[in-house]
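Novice: okay, sequence plus prediction incoming.
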Amino acid sequence: MNWSKYSAPQAFYPLAGRLIPWFSVMAVALMGVGLYMGFFVAPTDFQQGESYRIIFVHVPAAWMSMFLYVVMAIWAGVGMGLNARLSFMMAQAIAPTGAMFTFLALLTGAMWGKPTWGAWWVWDARLTSELILLFQYAGVMLLRTSIDDMRRADRSSAVFSLVGVVNVPIIYYSVQWWNTLHQGASVSMSTGSKMAATMLMAMLIMTVAFWLYSIAVILARVRCIVVERDSLLVWDEKPAVSQEVVEVR
Amino acid sequence: MQWGSASDFFAMGGYGLYVWTSFIATALCMGWEVLALWRRRAAARAEQRAALLGGMDETAT
């Protein structure tokens, strides 16, 4: 199969349309399973009581906020390198979802911080660097809307997002590099997990569900962007209308 | 299963406010995003359609 043909918006548009329902259904199903496991199977935490259950949205949201930033920067880089329109559109489509997950990570973090630390917010390295990530997403989106020329807007926001990638490892390792109030990693590649198996399972299922959700909404947004940018787009119209347009021309 | 009753479940061991705010906020954000995309798609398609048909009228007259 020749995948490179899908780098053309005309070919990608219908493919994305066919994929969205699958990702949506799987996301909803896995969220159902993850919530059930999180609330009914996972045991009460011996230290934090029931407040720890915020983990089932907080950690997936925080992971997605960082992961989506990296993916956005990669698409921006590919767009710059190959001068590919669809890559810039992908980068543009990822930013709002990434910003939303960053906001949710901060909000659910505040909801967790109040009962466990006694404060909604502290200027700790983890929290501060995550807040900066939110500003970076806002910067990428504002930069785009502030430039009228589409090609310049694409390239400027691509440079901005590529430079900002340095913050992602800072967020990730902040709990090791600095003495933070935020707890260290509960799941690690080297030492494995410090959580009960069912807690970890529920959290991972929620993470996969958030992942699938992100793919679905990002594909839907790319489709909107394709239509908005190419205002005279014929390929998705009903064949009769397209045929009529072609004949009249 | 650690919940004796429904009110036990909603109380979340005294952390109900924090736990439910987190989950409801997440659900609202996701729901809002999907709705906003739905509307954006409808608007984009309406504009595209108008451009297509408008273009046709111009060439027809």
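Specialist: Thanks, I have the structure now. This is a predicted model, so every value here is computed, not measured.
Novice: can you pull out the strands in chain A?
Specialist: Along chain A, the segments classed as strands by DSSP state E run A:187-188, A:192-193.
Novice: what about chain B, any weak spots by pLDDT?
Specialist: B:1, B:55-61 (pLDDT under 70).
Novice: now do 80
Specialist: By pLDDT under 80, the weakly predicted segments of chain B are B:1-2, B:49, B:51-61.
Novice: please list the residues of it that sit near chain A.
Specialist: Within chain B, the residues that sit near chain A (C-beta under 8 Å from any C-beta of the partner chain) are B:1-3, B:9, B:12-15, B:18-19, B:21-23, B:25-26, B:29-30, B:33-34, B:37, B:40-41, B:44-45, B:47-49, B:51-52, B:55-56, B:59-60. No exception for glycine: its C-beta is placed from N, CA and C like everyone else's.
Novice: show the buried residues in those.
Specialist: B:9, B:12-13, B:15, B:18-19, B:21-23, B:25-26, B:29-30, B:33, B:37, B:40-41, B:44-45, B:48, B:52, B:56 (16 or more other C-beta atoms under 10 Å in any protein chain shown).
Novice: if I look at the residue nearest to A:Ile55 when sequence neighbours are not counted, how far off is chain B?
Specialist: Excluding the flanking residues, the one nearest A:Ile55 by C-beta to C-beta, 6 or more residues apart in numbering or on different chains is A:Met203, at 6.0 Å. Counting by C-beta to the nearest C-beta, to the nearest Å, the gap from A:Met203 to chain B is 14 Å.
Novice: equivalent analysis for A:Pro169, please.
Specialist: In this view, A:Pro169 and chain B are 26 Å apart by C-beta to the nearest C-beta.
Novice: now do A:Thr97
Specialist: 7 Å.
Novice: test my guess that that residue contacts A:Ala216.
Specialist: No: contact criterion C-beta atoms under 8 Å: A:Thr97 and A:Ala216 do not qualify, at 9.9 Å.
Novice: all helices of chain A, in order?
Specialist: Using DSSP state H, the helices found in chain A span residues A:9-36, A:55-82, A:85-117, A:125-146, A:150-164, A:167-177, A:197-229, A:239-248.
Novice: mean pLDDT for those helices: which is lowest?
Specialist: Lowest mean pLDDT within the helices of chain A: helix A:239-248, a mean of 54.
Novice: so what does the host helix or strand of B:Leu37 touch, helix or strand wise?
Specialist: Assigned by DSSP states H and E, B:Leu37 belongs to helix B:16-60. If you count contacts as 3 or more C-beta pairs under 8 Å, 6 or more residues apart in numbering or on different chains; DSSP states H and E, helix B:16-60 packs onto helix A:55-82, helix A:85-117, helix A:197-229, helix A:239-248.
Novice: can you lay out these as a markdown table showing mean neighbour count and distance to A:Leu133?
Specialist: Formatted as a markdown table, the helices and strands packed on helix B:16-60 follow (neighbours: other C-beta atoms under 10 Å in any protein chain shown; distance: least, C-beta to C-beta, whole Å):
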| stretch | mean neighbour count | distance to A:Leu133 |
| --- | --- | --- |
| helix A:55-82 | 21 | 6 |
| helix A:85-117 | 23 | 5 |
| helix A:197-229 | 21 | 16 |
| helix A:239-248 | 12 | 43 |
